[in-house]
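Participant: for reference, the sequence and a predicted model appear below.
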Amino acid sequence: MDGFNLTDAEKSLSELVDRAEAGETIDILRDGKLVAKLVPAEQPVYTPKGLVDIEALRRHLAEMPMQQQDAGEFIRHMRDTDRY
């Protein structure tokens, strides 16, 4: 972990972003005091197209409440009551 004063950080921002992207955490200092941290962004977790993480899907479905009426009745009700 490195500390850079604000002026130096401004001058070498591109390099610091590259370092953060590589996994480093960089402290930004003003008058010797920590004012910001440049950290690697969390990478979104995607699975390749066509592959599904079954365990993640099961956890997600377990948290969802069960619908009280079947889908046909639900859509029919929406169509009839919320037309305009």
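Facilitator: Great, that's in hand. Numbering: from 1, shown residues only.
Participant: quick check, Gly72 in a strand?
Facilitator: No: under DSSP: H, G, I helix; E, B strand; the rest coil, Gly72 sits outside any strand and is assigned helix.
Participant: and the gap between it and Arg79?
Facilitator: Distance, Gly72 to Arg79, by C-beta to C-beta, to the nearest Å: 11 Å. In this view, the C-beta of every residue, glycine as well, is placed from N, C-alpha and C.
Participant: can you pull out the helices in this structure?
Facilitator: Ranges of helices in the chain, per DSSP state H, are 6-11, 13-21, 54-63, 71-81.
Participant: for the shortest one, which positions count as buried?
Facilitator: Applying a neighbour-count criterion of 16 or more other C-beta atoms under 10 Å, one finds Ala9 buried in helix 6-11.
Participant: got the CA coordinates for it in PDB?
Facilitator: The C-alpha trace of helix 6-11 is given here as PDB (Å, rounded to 0.1, in the frame of the first residue of the first chain):
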ATOM      1  CA  LEU A   6      -2.700  14.900  -3.900                       C
ATOM      2  CA  THR A   7      -0.500  16.800  -6.300                       C
ATOM      3  CA  ASP A   8       1.600  13.800  -7.200                       C
ATOM      4  CA  ALA A   9      -1.500  11.700  -7.500                       C
ATOM      5  CA  GLU A  10      -3.100  14.200 -10.000                       C
ATOM      6  CA  LYS A  11       0.100  14.100 -12.100                       C
END
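Participant: out of the helices of the chain, nearest to Pro40?
Facilitator: helix 13-21 (5.4 Å; C-beta to C-beta).
Participant: the closest one: how far from the chain's middle?
Facilitator: 20 Å (C-alpha atoms, centre = their mean, to the nearest Å).
Participant: mind listing what's buried in the lowest-mean-pLDDT helix or strand in the chain?
Facilitator: One helix or strand of the chain scores below all others by mean pLDDT, DSSP states H and E: strand 2-5, with a mean of 81. Across strand 2-5, burial judged by 16+ other C-beta under 10 Å covers Phe4.
Participant: quickly run through the sheet partners of that strand, with directions.
Facilitator: strand 26-30 (parallel) (DSSP bridges).
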